[in-house]
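In: Coordinates only, no sequence provided:
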């Protein structure tokens, strides 16, 4: 990629990240062949010096304090957070659904009104499968394809894993935008889902295929500001996150923009 073009992309993505609260034009969109961010290098989330922290954590702010995730609550994707009770909304957390003036996919800023709100972990699904990302195989191809919509599975029916009430659309589908919660009578409700990961032996940081312990997708970020610590990229203000499918660690077709 041309050096000047790379600099322009750095600036453009930084501007996009800085304006998250105003509304999302890219959140939940899949990268297509020939788009400007194809080929950008991506970094993984981890803190090798602190094994008590995980790459990612899905939690929610229980607004109505009823002890369960429902249509009023706000789910967040938080990175490098300690796996212990007592988590709180922090800067650069990603709102996976909209709340108030903040759009789905907006990044929390230090001045935002939900900063510091208590977060609760989402419970394990009734099917025994972990809360995670799943896809709906609508294209009929083998595995996950460009045309397959993606969901965050937060509630599960007791039988097969299907699209359930208050599950979150990560990509637009059935006439509903990315970040919308599923309702009982929506046309995609109950549709069979395929998961990117299983619980046994799988880390929280990224989905893995069920037949082998080989990553097929992970959360990655574009280190727009170039900040590092001990030569390790730091995720902070200005960086943008992708749901990164194989090939990993580079923006490629079928990756999902989480900004």
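Out: On my side now, so go ahead. This structure is a prediction, so every number in the text was calculated from the model and none was measured.

In: so when I look at residue 235, I'm seeing a strand, right?
Out: No. Assessed with DSSP: H, G, I helix; E, B strand; the rest coil, residue 235 is coil; it does not lie in a strand.

In: and the residue nearest to residue 149 when sequence neighbours are not counted, backbone torsions?
Out: In this structure, residue 149 finds its nearest non-sequential neighbour in residue 173, 3.7 Å apart by C-beta to C-beta, 6 or more residues apart in numbering. Using the backbone N, CA and C atoms, a C-beta is placed for each residue, glycine as well. Main-chain torsions, residue 173, degrees, to the nearest 10: phi -160, psi 150.

In: residue boundaries of the strands in this structure?
Out: Applying DSSP state E to the chain gives strands spanning 43-44, 53-61, 74-82, 94-95, 120-121, 132-135, 150-153, 168-169, 194-195, 217-222, 228-229, 232-233, 240-245, 256-257.

In: can you redo those as a markdown table with mean pLDDT, mean neighbour count and distance to residue 188?
Out: Listed next are the strands of the chain as a markdown table, based on pLDDT from 0 to 100; neighbours: other C-beta atoms under 10 Å; distance: least, C-beta to C-beta, whole Å:
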| stretch | mean pLDDT | mean neighbour count | distance to residue 188 |
| --- | --- | --- | --- |
| strand 43-44 | 88 | 18 | 31 |
| strand 53-61 | 76 | 20 | 20 |
| strand 74-82 | 82 | 20 | 18 |
| strand 94-95 | 96 | 24 | 21 |
| strand 120-121 | 84 | 15 | 26 |
| strand 132-135 | 82 | 23 | 12 |
| strand 150-153 | 89 | 23 | 8 |
| strand 168-169 | 94 | 24 | 8 |
| strand 194-195 | 76 | 16 | 14 |
| strand 217-222 | 87 | 24 | 21 |
| strand 228-229 | 84 | 10 | 41 |
| strand 232-233 | 86 | 17 | 36 |
| strand 240-245 | 92 | 25 | 19 |
| strand 256-257 | 96 | 23 | 17 |
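
In: With distance to residue 185 as added columns, please give the ones you listed in JSON lines.
Out: Output for the strands of the chain, formatted as JSON lines (distance: least, C-beta to C-beta, whole Å):
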{"stretch": "strand 43-44", "distance to residue 185": "39"}
{"stretch": "strand 53-61", "distance to residue 185": "23"}
{"stretch": "strand 74-82", "distance to residue 185": "21"}
{"stretch": "strand 94-95", "distance to residue 185": "25"}
{"stretch": "strand 120-121", "distance to residue 185": "27"}
{"stretch": "strand 132-135", "distance to residue 185": "20"}
{"stretch": "strand 150-153", "distance to residue 185": "17"}
{"stretch": "strand 168-169", "distance to residue 185": "15"}
{"stretch": "strand 194-195", "distance to residue 185": "23"}
{"stretch": "strand 217-222", "distance to residue 185": "30"}
{"stretch": "strand 228-229", "distance to residue 185": "49"}
{"stretch": "strand 232-233", "distance to residue 185": "44"}
{"stretch": "strand 240-245", "distance to residue 185": "28"}
{"stretch": "strand 256-257", "distance to residue 185": "26"}
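
In: Of all those strands, which one comes closest to residue 187?
Out: Nearest to residue 187 among the strands of the chain is strand 168-169; the distance by C-beta to C-beta comes to 12.0 Å.

In: Counting by contacts, list what the closest one packs against.
Out: Here strand 168-169 touches strand 150-153, going by 3 or more C-beta pairs under 8 Å, 6 or more residues apart in numbering; DSSP states H and E.
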